[in-house]
Structures are given as structure tokens and as C-alpha cells.
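In: Give me a 3D structure for the following:
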Amino acid sequence: MKEFQKHFAKLLAINGYLPKILLAAFIGFVTGLVAVAFHYGLEFCSRAVREPWSGENGLPWWSFAAMPSLGGFLVGLIIFKLAQAPETAGQGTDNMIRSFHHQGGKIRARVAPVKFITSIVTLSTGGSAGYEGPVSQIGSGVASTICSFFKMPQSLRGQFMLAGTAAGLGAIFKAPLAGALTSVEVLYREDFESNAFATSIVSSVVAFTVYIALVGTAPVIAGVPAFPLTNAAELLACALLGILCFPFSYLYVRCYSESETRFSRWKIPDWLKPAVGGLLVSLIVLAYPEVMGGGFEYIGEIMKGVVPHTLWGVLLLLAIAVAKIVATAFTVGSGGSGGVFGPSLFIGGVLGAMFAGLCEMIVPGAMRYPEMFILVGMASFFAGAAKTPIAGVVMVCEMTGSYTLLPGLMIAAVMHIAFSRPWSIYKSQVQNKFASPAHRNDMDVDVLSVTTVGDVIEPCEIKTLRGDEPLAEVLKFVNLNYVYPVYDGDSYMGLLDMAVVKSAYISSPDLIRHLLVSDCTVKVPMLSVLTDLHTASKVFMRFPVEQLCVKNDRGDVVGSLSHGAIFRAYDSIVRQS
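Out: Residues are numbered from 1 along each chain as shown. As a prediction, this is how the structure comes out:
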């Protein structure tokens with residue numbers, strides 16, 4: 001068996017286009033079966049959970065509001081006590097992105113089953129989250145397990161991990177092309193992982209085929225009418241809707257980030273935090289029950305023509321959109337297991353319906369099909385919030401079976417992204433391949449070897465610290481985004497480790513008063529202005545720091561170098577050559 005594993009891994013690495021396609025198909029097949037199990041498991045658990053509230057003698061509807069808190073309690077116990085898999089908490093897609101960039105595509109084998117169970121618990125009990133995060137992390141976990149079995153190199157691990165992600169998305173949303181596009185587009189804000197596209201396509205199509213064979217071919221969002229091609233006035237309206245989405249996507253990202261940060265700092269057991277988040281969701285559910293679960297049923301309802309024509313109807317949709325933003329932040333930010341992709345489609349759809357209502361109030365009859373803006377809002381909001389313009393547009397088209405709105409969807413998505421470039425719902429995204437640690441070895445060594453650190457850095461004054469200084473006094477003036485060399489007399493000790501400082505501040509602020517600068521110093525070398533960038537990049541690979549100090553030939557500190565500066569320098573040299 002070991003000889004077979006070794007031979008197969010070598011075949012993939014050296015001359016493996018056809019073997020890669022076959023392995024991608026196998027990953028798609030397995031992930032498709034897992035997606036089917038997820039679908040029926042969620043369906044069964046949702047019916048079981050809601051049974052006491054069904055029928056003539058069922059419990060009053062408002063009492064169901066307690067279920068998100070109970071679901072959060074169970075999820076916390078499973079993740080932090082039973083399985084001890086904290087990486088399954090929160091949104092799965094961002095964890096997948098982080099694994100690709102920083103962990104070599106490695107995902108522990110227990111992640112897939114734990115994410116499977118906890119996501120079903122979260123969604124069936126009314127937590128405000130999406131399906132895509134769990135399924136994408138489950139698919140990538142399946143692929144990572146297969147890669148570990150064959151002992152594949154890191155570059156192949158990342159490629160097949162994306163194939164697993166594409167398979168999960170393509171199956172659960174019945175959108176094979178969008179699944180593949182999302183997997184290669186969601187990693188970066190302004191780039192694609194192009195070398196993974198072929199394997200992602202194959203795995204997504206296979207998973208989709210398995211899924212619809214066992215679940216059915218009905219679109220995820222049913223009841224969508226056959227819209228005509230958009231005219232000039234409607235295209236202008238689509239552009240305006242894209243602009244309207246950007247303040248709400250900012251609110252969405254900020255609420256989620258703030259919730260995640262505050263829950264992480266809160267001094268209570270981690271396993272209790274999802275229960276607290278669920279309790280806060282329960283309070284919102286009492287006023288707006290539409291925010292429970294993925295919310296696609298509600299989108300289907302408003303798609304049937306329930307577009308508001310009054311100010312009160314428009315304000316109600318606005319309130320539902322904001323409530324969904326807050327409920328998702330509480331559910332996922334507290335550690336509940338789910339995704340933020342599905343809620344973004346819900347929020348965009350509700351904003352689209354609100355925009356349609358405004359159009360009908362201001363210029364009655366100007367829009368032939370006002371409900372078309374529900375789809376436009378879905379595509380625009382997700383594209384801008386996740387920085388996936390192509391995947392967002394194609395996803396909505398495949399989920400609804402409507403392609404005639406493609407021009408309007410694209411213009412709305414582009415307008416939203418134009419106004420929302422500084423933020424993303426996926427905090428582990430990087431700008432492009434040059435900013436990804438996964439691609440550090442992809443650069444031409446010859447180019448880096450003939451370029452020195454002195455050619456790249458911008459000379460500036462660097463403030464030095466003494467190792468015997470109290471950390472509490474130093475923190476009064478240091479900037480956590482700068483680099484500070486630490487000295488013991490005239491001897492260089494290393495750099496103040498900001499990661500350690502932040503960790504100490506978050507976990508035990510009182511500890512700061514008892515630490516010296518030397519206690520938070522990481523021993524890293526100082527670069528010379530004559531050091532070539534290839535050597536500098538090797539130093540970054542050995543030490544977990546973002547910046548290194550640079551000295552001149554006299555030993556004076558003259559500036560700092562970040563690994564991002566190396567990538568930018570390489571990009572600039574390649575573009576000029």
C-alpha cells in the first residue's frame with residue numbers, strides 16, 4: 001500500500017494531468033454523497049425540531065425563539081468539549097481560505113464530520129447562517145484527507161482542497177460552474193487560483209451530478225419568472241442598486257468582525273459563547289422570524305410578487321435586512337457553525353425587493369418586472385461582500401435558472417465592488433497571489449537573487465527598545481503595525497513580537513504589567529542592505545514575522561522590509577521585463 005501511495009503521489013506531481021482529473025472526479029463523487037447526506041440530515045433534523053410546533057395542538061410559534069440558544073449550546077459542547085476542534089467554529093469558508101494560504105492545505109480529518117454535525121444543529125434550530133460555509137469546509141476536509149493518504153506535496157494539496165470546496169458548493173447550490181468559480185476566486189480580492197480551475201470544474205460537475213440524481217433537479221430558489229433582457233432604464237436601476245448595497249455590505253462586515261472580536265475577548269468558556277450568541281438571535285427572532293436559518297424560503301415568497309408598494313412595506317424589508325445582518329453576526333461570530341455566503345444572498349435579495357418597492361413608489365410602472373431586482377440584489381451584495389464578482393453573478397443565475405438578467409447582474413456587481421474594495425466578509429482573503437504565503441516558492445529565483453534589500457526598502461528612522469524596559473510603559477507609544485528592534489546594551493536581541501503582545505493583552509491584560517520587553521522578543525536576524533531578496537524570503541519562511549529590520553554596512557538600522565514588499569518588487573520587475 002505504501003508503495004502505491006508513493007507511486008501515485010509521484011505520478012500526480014510529475015506528469016499527472018489525467019490522474020489529477022480522475023482524482024478530482026473521485027473527490028467530487030465523495031463530496032457529492034456527503035452533500036446529499038447533509039441535505040437529508042438537515043431536512044430530517046429540521047422536521048424533528050419543529051414537530052412540537054406543528055399541527056393544531058402545537059406550541060405557540062413565539063416559543064420556538066428559544067431554539068437558537070439551545071442549538072448554540074449543543075454546538076459549543078460538540079466543538080470545544082467532545083471533538084476539541086475549534087477550527088470548526090464560525091464560518092467554514094474563511095477557515096478554508098486560511099488553510100490554503102497559511103497551512104499548506106492541511107485540514108484535520110475530524111473537521112469534516114464535526115462540521116457536518118454542528119452545522120446541521122445550528123441550521124435546524126434556527127441559527128442565522130448559510131449552507132455554503134459548512135459544505136465548502138467539509139468538501140475541502142474530504143480532499144485534504146485524501147491528499148494526506150497519498151502524501152501529496154503542498155502545491156497539490158491546495159489544488160485538491162479547492163476541488164473539494166468546488167464540489168461542495170456546486171452540489172448544495174446545484175450550481176456546478178459557480179461552485180468552481182467561487183473556489184478559485186474567493187481566495188483573493190483581485191486574482192484567481194487559475195491552476196486549480198480544471199480540477200475544480202471536474203469535481204464540481206461530478207458532485208452536482210451525484211447530488212441532483214439523489215435530491216432532484218428543482219432550482220434552489222423556485223418560482224422565478226422568465227424575465228426579458230434588461231433595457232437601458234433597468235440597467236441604470238441595476239447600477240443604482242449596486243451602489244445602494246455597499247453601505248449595507250460595510251455594515252455586514254463590520255457587525256460580523258465586531259461580534260467575532262468581542263466574543264473572542266469575552267472571559268467566559270468558549271463552549272458557552274455559541275449559546276449566548278443563540279440567545280441574542282432568539283431575541284431578534286421574536287420580532288423578525290424571517291431571519292432564522294438560510295432564509296431561501298422567504299426569498300421564494302417575496303419572489304412570487306409580494307413587492308411592497310407602500311412606505312411601511314419598504315421599511316419592513318429594511319428592518320428585516322438589518323436584523324439578518326445582526327443575527328448572522330451573533331450566530332457565526334459567537335462560534336456557531338455556519339456560513340456567511342447564504343445570509344449575504346438573503347440580505348441582497350431583501351434589499352433588492354426594497355429597492356423595487358421604492359421604484360414602484362417613485363415611478364410606478366417604469367420597471368416591467370420589479371421582482372427582478374431581488375435577483376440583482378442577491379448577486380450584487382454577495383459579489384461585493386465576498387469580492388467574487390464573476391462567481392456571485394453565475395451563482396444566482398444557476399440557483400434560479402434565470403440567465404436573461406446577466407447584463408444587469410454584472411453591472412450591479414461591478415458597481416458594488418467599485419465602492420466596497422477596502423473590506424471583505426472573508427478576512428483571510430489576500431490581495432493576489434503575490435501576497436499569499438502559499439505562492440512564495442512560485443517566484444523566479446534568478447529575479448530575486450539579483451535584487452538586494454537595499455533596492456527595495458524605503459529608508460526611515462526606526463525606534464529601538466531596551467530589553468529591560470517594562471512592557472506596559474512601551475505600549476503607551478508603540479504602534480502595533482510597526483517593527484521595533486530590541487537591544488540588550490549594544491547587542492541586538494531580536495524584534496518585539498506583536499503577536500505575543502496582542503495575545504497577552506487579549507488573554508490576560510493584567511499580565512502586561514509584569515512583563516519586560518525581552519519577554520515578548522522573538523529572536524530573528526537583521527538583514528543587510530546587501531542581502532538579496534531570495535535570501536530574505538528564506539528568512540521570512542523560517543520566522544513567523546511580518547517585517548524584518550535592515551542595517552547598513554556600519555550596522556545602523558536604516559529601515560524595515562516586509563514580505564509584501566518582496567512580492568511587490570518581484571511583480572514590478574516582472575512587469576518591466
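In: shouldn't residue 136 be in contact with residue 171?
Out: No - Residue 136 is beyond contact range of residue 171, at 10.6 Å (criterion: C-beta atoms under 8 Å). All C-beta atoms are positioned from the backbone trio N, CA, C, and that covers glycine.
In: Stretch 475-490: which residues count as buried?
Out: 475, 478, 483-487 (16 or more other C-beta atoms under 10 Å).
In: correction: stretch 462-470
Out: 462, 465, 467.
In: same question, stretch 204-216
Out: Result for stretch 204-216 [16+ other C-beta under 10 Å]: buried residues 204-212, 215.
In: For residue 344, state which of the residues you listed is nearest.
Out: Taking C-beta to C-beta as the measure, residue 344 sits nearest to residue 204 out of these, at 20.2 Å.
In: rewinding a little: the buried residues of stretch 462-470 in strands, which ones?
Out: residue 465 (DSSP state E).
In: how about a markdown table for the buried residues of stretch 475-490, with pLDDT, secondary structure and distance to residue 132 added?
Out: Shown next, in a markdown table, are the buried residues of stretch 475-490 (pLDDT from 0 to 100; DSSP: H, G, I helix; E, B strand; the rest coil; distance: C-beta to C-beta, whole Å):
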| residue | pLDDT | secondary structure | distance to residue 132 |
| --- | --- | --- | --- |
| 475 | 76 | coil | 40 |
| 478 | 72 | coil | 40 |
| 483 | 79 | coil | 38 |
| 484 | 82 | coil | 41 |
| 485 | 86 | strand | 44 |
| 486 | 86 | strand | 45 |
| 487 | 87 | strand | 50 |
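In: low-confidence ranges in this structure?
Out: Where the chain drops to pLDDT under 70, the residues are 1-16, 155, 222-223, 295, 305-308, 440-447, 450, 480-481, 499-512, 573-577.
In: domain ranges for it?
Out: 2-219, 232-419, 443-576 (automatic domain parsing).
In: Checking my notes, residue 427 in a strand, right?
Out: No - under DSSP: H, G, I helix; E, B strand; the rest coil, residue 427 falls outside any strand and is assigned coil.
In: count of residues packed around it?
Out: Counted with other C-beta atoms under 10 Å, residues neighbouring residue 427 total 14.
In: re earlier: closest to residue 287 among the buried residues of stretch 462-470?
Out: residue 465 (52.0 Å).
In: State the distance from that closest one to residue 519.
Out: 12 Å (C-beta to C-beta, to the nearest Å).
In: Kindly reformat the buried residues of stretch 462-470 as a markdown table and extend each row with distance to residue 275.
Out: What follows is these, written out as a markdown table (distance: C-beta to C-beta, whole Å):
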| residue | distance to residue 275 |
| --- | --- |
| 462 | 47 |
| 465 | 43 |
| 467 | 44 |
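In: Identify, from the buried residues of stretch 462-470, the entry nearest to residue 176.
Out: For the buried residues of stretch 462-470, the nearest to residue 176 is residue 462 (52.3 Å; C-beta to C-beta).
In: Quick check: closest non-adjacent residue to that closest one.
Out: Leaving aside its sequence neighbours, residue 462 sits nearest to residue 557 (C-beta to C-beta, 6 or more residues apart in numbering; 4.6 Å).
In: same thing with residue 545?
Out: Per C-beta to C-beta, 6+ apart, closest to residue 545 is residue 524, 5.7 Å.
In: how many neighbours does the one you found have?
Out: 21.
In: Looking at the buried residues of stretch 475-490, which one is closest to residue 231?
Out: residue 483 (55.8 Å).
In: can you pull up the bridge partners for the nearest residue to the closest one once chain neighbours are set aside?
Out: Excluding its sequence neighbours, the residue lying closest to residue 483 (C-beta to C-beta, 6+ apart) is residue 547, at 4.2 Å. As for beta bridges, residue 547 partners with residue 562 under DSSP bridges.
In: Could you count how many residues lie near residue 547?
Out: Counted with other C-beta under 10 Å, residue 547 comes out at 20.
In: Quick check, it in contact with residue 562.
Out: Yes - counting by C-beta under 8 Å, residue 562 is a contact partner of residue 547 at 4.7 Å.
In: Now do the contacts for residue 165.
Out: Neighbouring residues of residue 165 by C-beta atoms under 8 Å, 6 or more residues apart in numbering: 93, 96, 136-137, 139-140, 143, 179, 182-183, 200.
In: Grab the nearest non-local neighbour of residue 158.
Out: residue 105 (4.1 Å).
In: Helix, strand, or coil at that neighbour?
Out: Under three-state DSSP, residue 105 comes out as coil.
In: That one touches residue 153, doesn't it?
Out: No - under the criterion of C-beta under 8 Å, residue 105 is not in contact with residue 153, lying 9.9 Å apart.
In: So for those two, which residue has more residues nearby?
Out: residue 105 (27 against 14).
In: got the residue ranges for the strands in the stretch 251-400 of the chain?
Out: Listed in chain order, the strands found in the stretch 251-400 of the chain under DSSP state E, counting those that start in this stretch are 337-338.
In: hang on, the earlier thing: of the contacts of residue 165, which count as buried by neighbour count?
Out: 93, 96, 136-137, 139-140, 143, 179, 182-183, 200.
In: which one of these is nearest residue 19?
Out: Nearest member of the buried ones among the contacts of residue 165 to residue 19, counting by C-beta to C-beta, is residue 143, at 14.7 Å.
In: The closest one - nearest residue in space that isn't next to it in sequence?
Out: residue 164 (3.1 Å).
In: do residue 212 as well
Out: residue 174 (6.3 Å).
In: circling back to that earlier point, quick check: the residue nearest to residue 143 touching residue 203?
Out: Yes - using C-beta under 8 Å, residue 164 makes contact with residue 203 at a distance of 6.8 Å.
In: Find the residues that touch each one of the two.
Out: Joint contacts of residue 164 and residue 203 (C-beta under 8 Å, 6+ apart) are 27, 31.
In: what distance separates stretch 280-288 from the centre of its chain?
Out: 25 Å (C-alpha atoms, centre = their mean, to the nearest Å).
In: Could you give me the buried positions within that stretch?
Out: In stretch 280-288, counting by 16+ other C-beta under 10 Å, buried: 280-282, 284-285, 288.
In: give the contact list for residue 114.
Out: Here residue 114 is in contact with 78-79, 83, 85, 88 (C-beta under 8 Å, 6+ apart).
In: So it belongs to a strand, correct?
Out: No - according to three-state DSSP, the state of residue 114 is helix, so it is not within a strand.
In: what's the spacing between it and residue 95?
Out: From residue 114 to residue 95 the distance is 12 Å (C-beta to C-beta).
In: and residue 544, helix, strand or coil?
Out: coil.
In: ok, it to residue 457 distance?
Out: On the measure of C-beta to C-beta, residue 544 and residue 457 end up 21 Å apart.
In: now swap in residue 218 and tell me
Out: 59 Å.
In: now residue 199
Out: Taking C-beta to C-beta, one finds residue 199 at 39 Å from residue 457.
In: Residue 354 too?
Out: Taken as C-beta to C-beta, the span from residue 354 to residue 457 is 50 Å.
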